[in-house]
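Q: quick one, what's the 3D model for this:
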Amino acid sequence: MVLLLRLAGPLQSWGDSSRFARRRTRTEPTKSAVIGLLAAAQGRSREEDIDDLRLLEFGVRTDQPGSLLRDFQVERSLDEKVVMPLSHRYFLSDAAFLVALGGPADKLAELDEALHHPVWPLYLGRRFCPSDLPISLGMHEEYRDVRDALARAPWIASEWYRRRSPIPRLEVAYDARPGEPCSYQADDPLSFSGEGRRYGQRAVVRAYVDNPSCSCPEGEVSMLAQGDSLSHPEAEGLDGGTFPDRDQTHDPLGFL
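A: Down below sits the predicted model:
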């Protein structure tokens with residue numbers, strides 16, 4: 001049994017670290033942020049246990065990469081006597097992701113119901129990044145597991161993007177299994193407690209799958225499908241680094 005989510009909206013911001021005034025975003029949603037979104041939908045407090053959500057199998061497919069947006073922000077105290085340093089915050093604009101969650105049918109059914117009737121507002125990484133609706137695409141028995149769903153579920157890109165950018169191959173990232181070659185990222189949420197949020201390392205496999213809904217003419221291949229780079233060209237040289245540095249704070253429960 002697999003629960004599918006569609007994460008799309010004007011702006012998204014997904015990160016797994018924070019470095020001073022540089023708040024970068026990853027190229028796809030983090031597991032910790034999605035678990036935070038699920039916890040918010042269920043109305044859980046920051047102090048409640050989230051181990052049942054952490055144990056869900058997680059995978060994400062980039063159906064519409066979007067474009068990188070950098071915003072300059074400055075903070076002041078209410079009396080304007082204290083001014084914080086200028087910060088650089090990065091977002092994905094007009095992106096769409098397919099998220100697949102695997103686990104017990106009763107748990108997935110609870111989450112599906114919560115996403116249709118959320119207790120708290122749901123956001124795409126940050127409070128000012130609202131999501132398009134619906135988020136939940138429902139439960140699916142026709143897929144064997146998360147990986148099968150990412151390989152066979154219909155392409156969810158916007159209609160205008162489908163016409164302009166036929167992509168024969170889509171990037172996927174999912175939880176690694178024992179013995180698989182993988183990379184690691186710090187987005188396994190151990191606690192969302194107000195006394196100190198804690199995250200562990202998660203083993204991740206990255207790959208490409210054929211686009212199940214794209215019949216591209218022979219030879220018509222997008223730049224994304226041709227190369228293995230996950231960087232955005234427009235990010236090159238910004239702040240002395242490239243987009244995949246992925247240094248950005250995230251707020252899984254949408255309180256930022």
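Q: now the most centrally placed residue in the chain, nearest residue through space, not along the chain?
A: The C-alpha lying nearest the average C-alpha coordinate of the chain belongs to P29 (CA atoms, centre = their mean; 1.1 Å). Counting by CB to CB, 6 or more residues apart in numbering, W14 is the residue found nearest to P29 once chain neighbours are left out, at 4.9 Å. Any C-beta I mention is one placed from the backbone N, CA and C, and that applies to glycine too.
Q: how about I35?
A: Distances taken as CB to CB, 6+ apart put L53 closest to I35, at 4.6 Å, once the chain neighbours are dropped.
Q: picking up where we left off before, the residue nearest to P29 reaches K31, doesn't it?
A: No. If you go by CB atoms under 8 Å, W14 and K31 don't touch, sitting 10.0 Å apart.
Q: kindly export the one helix or strand V99 maps to (C-alpha atoms) in PDB.
A: Assessed by DSSP states H and E, V99 sits inside strand 87-102. In PDB, the C-alpha atoms belonging to strand 87-102 read as follows (Å, rounded to 0.1, in the frame of the first residue of the first chain):
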ATOM      1  CA  SER A  87      20.100  37.200   5.000                       C
ATOM      2  CA  HIS A  88      20.000  35.400   1.700                       C
ATOM      3  CA  ARG A  89      17.100  32.900   1.400                       C
ATOM      4  CA  TYR A  90      16.600  30.500  -1.400                       C
ATOM      5  CA  PHE A  91      13.400  29.000  -2.800                       C
ATOM      6  CA  LEU A  92      12.200  26.800  -5.600                       C
ATOM      7  CA  SER A  93       9.600  28.600  -7.800                       C
ATOM      8  CA  ASP A  94       6.900  26.700  -9.700                       C
ATOM      9  CA  ALA A  95       8.100  23.300  -8.800                       C
ATOM     10  CA  ALA A  96       6.100  20.100  -8.300                       C
ATOM     11  CA  PHE A  97       7.100  16.900  -6.600                       C
ATOM     12  CA  LEU A  98       5.500  13.500  -6.200                       C
ATOM     13  CA  VAL A  99       6.000  12.000  -2.800                       C
ATOM     14  CA  ALA A 100       5.400   8.300  -2.100                       C
ATOM     15  CA  LEU A 101       5.000   6.900   1.500                       C
ATOM     16  CA  GLY A 102       4.900   3.200   2.300                       C
END
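Q: pairing partners for that strand, with directions?
A: strand 2-12 (antiparallel), strand 22-23 (parallel), strand 57-64 (antiparallel), strand 67-73 (antiparallel) (DSSP bridges).
Q: show me how far the first one is from its chain's centre.
A: Strand 2-12 sits 8 Å away from the centroid of its parent chain (CA atoms, centre = their mean, to the nearest Å).
Q: let me see the mean pLDDT of it.
A: Strand 2-12 shows an average pLDDT of 95 in the prediction.
Q: CA atoms only: put it into CSV for me.
A: The C-alpha coordinates for strand 2-12 follow below in CSV (Å, rounded to 0.1, in the frame of the first residue of the first chain):
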residue,chain,number,x,y,z
VAL,A,2,1.4,3.4,-1.0
LEU,A,3,0.1,6.9,-0.2
LEU,A,4,0.9,9.5,-2.8
LEU,A,5,1.3,13.3,-2.2
ARG,A,6,1.6,16.2,-4.6
LEU,A,7,3.8,19.0,-3.3
ALA,A,8,3.4,22.0,-5.6
GLY,A,9,3.0,25.7,-5.1
PRO,A,10,4.4,29.1,-6.0
LEU,A,11,7.3,28.8,-3.6
GLN,A,12,9.0,25.9,-1.8
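Q: shaky segments in the protein?
A: Across the chain, residues meeting the criterion (pLDDT under 70) sit at 16-21, 215-256.
Q: phi, psi for A149 please.
A: Backbone torsions of A149, given as degrees, to the nearest 10, read phi -60, psi -40.
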